[in-house]
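*Asks:* how would this look folded up:
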Amino acid sequence: MSNQPEIHFAIGDAAPSVRPDEGVWSAPLPQNRSGISANGPGDGVQCGDYLTAVGEFISRDGFRMLSAAASRLTRADLTPGDLDSIIVRLVKHGAFYHPVKLEVSAGKHVAHLVVNGAVSDVGREGIGQEYRNLQRLASVAGRWIPEVFGRGECTTPAGHPVSLFLAEWIEGFCEFHLTGDSGAIVVWDPERGNYHLTGDVLKRVYAEAARILTLCYDIETFEQVFPWHHASGDFVVRHRDGLPEVRLITVRGYVALIDNPDRDEAIVLQALLVFLLNLSIRMRLDRLDGTGSVAWAGPFVLEAVVCGFFRGLAQKSDSRWIDRPLVDAFREHILDWSPTELLELAAPLAEAFPVQQADLPVIRDHLESHVHELHRLLIA
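*Replies:* Next up is the predicted model:
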C-alpha cells in the first residue's frame, strides 16, 4: 500500500478526474448559490486553485487530522497509512462559503466529510466563528449539528488566503423549502429526485427544527443560534421509512439578542418568551421553492413550532434562577399575557432583529393573526 492516498479532484457532478489543463480548473470560483461568479474570467480565486488549497489542508501532518476524522465517523481505528483514496469534490457555493465534499476510502471503510472554505474577508472572518460555535454547541446539540475536526489557513497557488475547517458531511440529508400554497415542502434530493412532504410528516420536520434551536438556546446568557433562515438551507431533512430526521448544518452566529445584565426568574422567562416569539415568526418564513418569492407557512407550522419548543425545553437543564421545571414555569408565565400584550411585544422584533429585507412586509401582513394563534396554542 502507498504511504500517500491518491487524491482525485472533481467539480459538481462530473467524474473525479478534473485536471489543471481543463477549462473548468481555471474558471472563477462562483460567489453565490446559483453558481454564478461575481468576477470576470481570470479575476479572484480559480476553482482549481481553491481545490489545490483544500488538498494541501487535508494532507497536512501526514493526513493525521483526516484519518482521525475518518476513524471517528466509521468507528474504525484508522491511521494515515490506511487511507487509500480521497475524492475532493467542489459541490456548492454560497455568498461566504464553498463546501467541498470528501469521500475518504480506507479498505472496506468509507467516510464522508466536508471542508468548508472561505476566500472573502467577510467569509474568512465568519468561518472561524462558525467553527467555534459548532464546537461550543456540541455538548447540547451534538447529534443534530455537524461534528468538527480541525481548522486552518492556506494560500492558493496564486497567493489568495483561504480559511477552512473540516467537519462531518451530513450524509443523505437534503435541503427543503415551502412549495405550492405553502402547505407542503419540496425536498431537493439529488439521488431519489425531488419529493414532497405533507401532513404529520411535515409537522414533524418543523417541530424538530424548533426543538433543535431550543436546545441550542442558553437560558442563562440568552445566547441563541442567529441568524438562520430556511431560504438559506440551514436545516436539512432525511426521510426514508418512519419519522423524518432533521439536522441544523450551519451556525453562523451564536449571540444574545437581549442586552440585560440582570437575572431573576421574571427576566429569564421574559427572555425565553422573546426567543419563542422570534422563533415562531422566522420558522414560517422561506423562499418559495428555495429561490422564489417570500413564502409564509400555514398554521400547521405554528402548531409544530410550539410542540418542538416545549420538547426542547423539557430536555434542557433547569435554570438556577427558577426553582421548578422550566416547562411549568414558562406555562405559568404565559398565562399572564393577553393576545394584545403579546402582539405589543412581538411587533418590534422584526425591526429590532435583522431579517432579509423582503421578509418585513410579509411579517407585518401576518403578525397579528400569527400572535393570536400562538397565544391560543400556548394557553390551551
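
*Asks:* Next up, phi/psi of Lys101, please.
*Replies:* Dihedral angles of Lys101 (phi, psi; degrees, to the nearest 10) stand at phi -80, psi 140.

*Asks:* can you list the domains in this protein?
*Replies:* Taking automatic domain parsing as the domain assignment, the ranges for the chain are 6-168, 174-379.

*Asks:* Can you get me the start-to-end distance on the shortest one?
*Replies:* So the one you mean is domain 6-168. End-to-end distance of domain 6-168 (Cα to Cα, to the nearest Å): 21 Å.

*Asks:* rewinding a little: rank the domains of the chain by mean pLDDT and give me the bottom one.
*Replies:* Ranked by mean pLDDT, the domains of the chain bottom out at domain 6-168, with a mean of 89.

*Asks:* Okay, helices next: where are they in the stretch 51-200 of the chain?
*Replies:* 60-74, 121-141, 199-216 (DSSP state H, counting those that start in this stretch).

*Asks:* Would you mind putting those into JSON lines with mean neighbour count alongside?
*Replies:* For every residue, glycine as well, the C-beta is placed using N, CA and C. Formatted as JSON lines, the helices of the stretch 51-200 of the chain follow (neighbours: other Cβ atoms under 10 Å):
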{"stretch": "helix 60-74", "mean neighbour count": "18"}
{"stretch": "helix 121-141", "mean neighbour count": "17"}
{"stretch": "helix 199-216", "mean neighbour count": "22"}
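
*Asks:* So which of the ones you listed is nearest Arg252?
*Replies:* helix 121-141 (5.6 Å; Cβ to Cβ).

*Asks:* Against which helices or strands is the closest one packed?
*Replies:* Judged by 3 or more Cβ pairs under 8 Å, 6 or more residues apart in numbering; DSSP states H and E, the packing partners of helix 121-141 are strand 109-118, strand 148-155, strand 161-168, helix 199-216, strand 254-256.

*Asks:* one more time with 6 Å, if that's ok
*Replies:* In terms of contacts (3 or more Cβ pairs under 6 Å, 6 or more residues apart in numbering; DSSP states H and E), helix 121-141 is packed against strand 148-155, strand 161-168, helix 199-216.

*Asks:* Secondary structure element holding Ala266?
*Replies:* Using DSSP states H and E, Ala266 maps to helix 265-282.

*Asks:* If you count neighbours, what's buried in that helix?
*Replies:* By neighbour count with 16 or more other Cβ atoms under 10 Å, helix 265-282 contains the buried residues 268-269, 271-282.

*Asks:* Report the strands that pair with the helix or strand just after it, each with its relative direction.
*Replies:* Scanning forward in sequence from helix 265-282 by DSSP H and E, the next helix or strand is strand 285-287. For strand 285-287, the paired strands and their directions (DSSP bridges) read strand 294-296 (antiparallel).

*Asks:* which residues are contacting the partner strand?
*Replies:* 178, 182, 284, 286, 288, 358-359, 362, 366 (Cβ atoms under 6 Å, 6 or more residues apart in numbering).

*Asks:* at 8 Å instead, please
*Replies:* 177-178, 182, 284-288, 356, 358-359, 362, 365-366 (Cβ atoms under 8 Å, 6 or more residues apart in numbering).

*Asks:* Which of those sits closest to Asp121?
*Replies:* Gln356 (21.9 Å).

*Asks:* how near is that closest one to Leu279?
*Replies:* 16 Å (Cβ to Cβ, to the nearest Å).

*Asks:* Ok, Val110 next?
*Replies:* 37 Å.
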